[in-house]
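A.B. asks: kindly return the folded structure for what I paste below:
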Amino acid sequence: MPELPEVEVTRRGFADRIAGATITALRVGKPLRWALAVEPDTLVGRTVVQVRRRGKYLLIDLDAGLLLLHLGMSGSLRFAPALPEPGPHDHFDLVTTRGTLRLNDPRRFGAVIHVDGEDAPLARKLLGGLGMEPLDEGFDLERFHAGLRRRRAPVKQVLLAGDVVVGVGNIYASEALFLAGIRPTVPAARISRPRAARLHAAVREVLARAVELGGSSLRDFSHIDGQAGHFQLQAMVYGRAGQACRQCGEPIRMLRQGQRSTFYCARCQKP
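C.D. replies: The predicted structure follows:
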């Protein structure tokens with residue numbers, strides 16, 4: 001699933017190019033997770049003001065209303081002055097005076113929804129429960145630690161939940177916990193402030209590095225121009241079960257948490 005770094009890399013790839021464009025046509029293919037919520041023709045003539053991100057949602061601000069876009073489990077976007085005829089997995093085209101934005105989503109768990117604004121009921125339902133943005137200045141250590149202290153679940157599960165901090169997906173949670181030296185099974189409520197500070201810094205560092213490297217391409221994800229991300233090639237623990245820890249040489253271990261694979265080093269990460 002595309003996580004925060006992949007969505008941010010995608011946003012940066014077309015946000016400046018599409019800003020100021022006028023919508024000339026919309027094409028909606030097979031149904032996605034949620035319907036567009038308006039007739040496509042009603043958006044023709046609208047202007048794209050800017051493209052923002054909230055968690056794993058892209059927010060395309062129009063001069064009236066906005067589009068909420070989610071890449072789902074397998075989605076990716078393309079933006080170009082001209083694109084070939086849509087294929088069987090191309091489910092949405094936003095045609096503008098500066099190019100076409102196309103959503104390709106083989107599993108169709110993605111979504112493109114029009115709402116009047118962030119105060120609309122559906123927007124509040126999707127965005128209202130999201131935690132702090134880890135790459136923003138508002139990612140506050142005290143709030144982060146307080147959020148951990150309220151949860152008895154294993155710390156990795158709390159990171160994935162998205163209500164304390166948003167966008168720390170499976171790969172990046174494993175990597176941040178390794179960098180912070182914290183075992184993924186430790187109950188979040190037991191994490192001291194000094195350890196929370198290390199994890200807070202590690203989340204920032206891992207996600208920032210992932211954005212610099214273009215995110216992770218494990219299955220379907222690719223950049224706006226079709227290129228793959230490279231973070232997975234530098235992972236310290238993720239996907240490396242049985243291989244030597246790059247830090248101490250101990251074999252990396254794998255366990256299942258909430259039906260997700262977790263990778264860690266038993267020597268470097270303390271319970």
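A.B. asks: contacts, neighbours, all on C-alpha from now
C.D. replies: Fine.
A.B. asks: and Val237, helix, strand or coil?
C.D. replies: Going by DSSP: H, G, I helix; E, B strand; the rest coil, the secondary structure assigned to Val237 is coil.
A.B. asks: actually Gly214, not the one I typed
C.D. replies: Per three-state DSSP, Gly214 ends up coil.
A.B. asks: the helices in the stretch 151-271 of the chain, which residues?
C.D. replies: Per DSSP state H, counting those that start in this stretch, the stretch 151-271 of the chain carries helices over the ranges 155-161, 170-180, 193-212.
A.B. asks: Pro2: which of those is closest?
C.D. replies: Pro2 lies closest, by CA to CA, to one member of the helices of the stretch 151-271 of the chain: helix 170-180, at 10.3 Å.
A.B. asks: chain center to the closest one: distance?
C.D. replies: 15 Å (CA atoms, centre = their mean, to the nearest Å).
A.B. asks: so which of the helices of the stretch 151-271 of the chain is the most packed in?
C.D. replies: For the helices of the stretch 151-271 of the chain, the largest average neighbour count (mean count of other CA atoms under 10 Å) is found in helix 170-180, namely a mean of 24.
A.B. asks: which other helices and strands contact that helix?
C.D. replies: Secondary-structure packing of helix 170-180 (3 or more CA pairs under 8 Å, 6 or more residues apart in numbering; DSSP states H and E): helix 155-161, helix 193-212, strand 260-264.
A.B. asks: can you say which of those is nearest to Thr42?
C.D. replies: That would be helix 193-212 among the helices and strands packed on helix 170-180, by CA to CA, at 35.0 Å.
A.B. asks: can I see the domain layout of this protein?
C.D. replies: 4-127, 141-264 (automatic domain parsing).
A.B. asks: point out where the stretch 151-271 of the chain drops to low pLDDT.
C.D. replies: 215-232 (pLDDT under 70).
A.B. asks: three-state assignment of Lys125?
C.D. replies: Strictly by three-state DSSP, Lys125 counts as helix.
A.B. asks: Serialize the helices and strands packed on helix 170-180 to JSON lines and add fields for distance to His114.
C.D. replies: Output for the helices and strands packed on helix 170-180, formatted as JSON lines (distance: least, CA to CA, whole Å):
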{"stretch": "helix 155-161", "distance to His114": "25"}
{"stretch": "helix 193-212", "distance to His114": "27"}
{"stretch": "strand 260-264", "distance to His114": "32"}
